[in-house]
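In: Just the structure for this:
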Amino acid sequence: MDFDLEAFLPYRLNRAAECVSLRFAAEYRGRYDMTRPEWRTLAALGAKGRMTATEIGAHSAMHKTKVSRAVRALEERRWLRRQVDEADRRIEHLELTAAGRRIHAEMVVLARRYEEELATLLGDGIRALEAGLSAVETAMIGRRPA
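Out: Numbers count the residues shown, from 1 in each chain. Predicted coordinates:
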């Protein structure tokens, strides 16, 4: 049975996302020596404020070990602080420090600039892509594999 991997939608979506993500990763890695999990953790906290590691993992679709390593690295840079939950000491609330918020603000500028670059590269196709992504997200997010 023939199977054209290059035409398989999940493969194409993953490949496209990886290309876009790697190109942006080169920007923040070069400027801040930051990994993708660190960027995603910083971005989640910058966008949502105080969160637990579990919430960051769910928000960013990252495994708990990646989140844990990213949290540790951001804490070592003094961009993040932990606070133990008084009601349940197994839970730690995470939030950005003033330095972390400053880096996040710089990263937002970098991200917006990159998004503009992508829009220029894609031209009129950007609207179709955004509509298609919205359709995929609406149909798939929140549904568990059978």
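In: what's the residue nearest in space to the middle of the chain in contact with, if anything?
Out: Residue closest to the mean C-alpha point of the chain, counted by Cα atoms, centre = their mean, is residue 40 at 3.5 Å. By Cβ atoms under 8 Å, 6 or more residues apart in numbering, the contact set of residue 40 is 56, 60, 62, 70. Quick note: C-beta positions are derived from backbone N, CA and C, even for glycine.
In: Relative to residue 98, how far out is residue 28?
Out: 20 Å (Cβ to Cβ, to the nearest Å).
In: out of those two, which sits in the busier spot?
Out: A count of neighbours by other Cβ atoms under 10 Å puts residue 28 above the other of residue 28 and residue 98, at 22 against 9.
In: quick check, the more buried one in a strand?
Out: No - Residue 28 is assigned helix when assessed by DSSP: H, G, I helix; E, B strand; the rest coil, not a strand.
In: in this protein, which spans are strands?
Out: 80-84, 92-96 (DSSP state E).
In: closest to residue 113 out of those strands?
Out: Set against residue 113 and scored by Cβ to Cβ, the strands of the chain come closest in strand 92-96, at 21.0 Å.
In: Nothing else from me, thank you.
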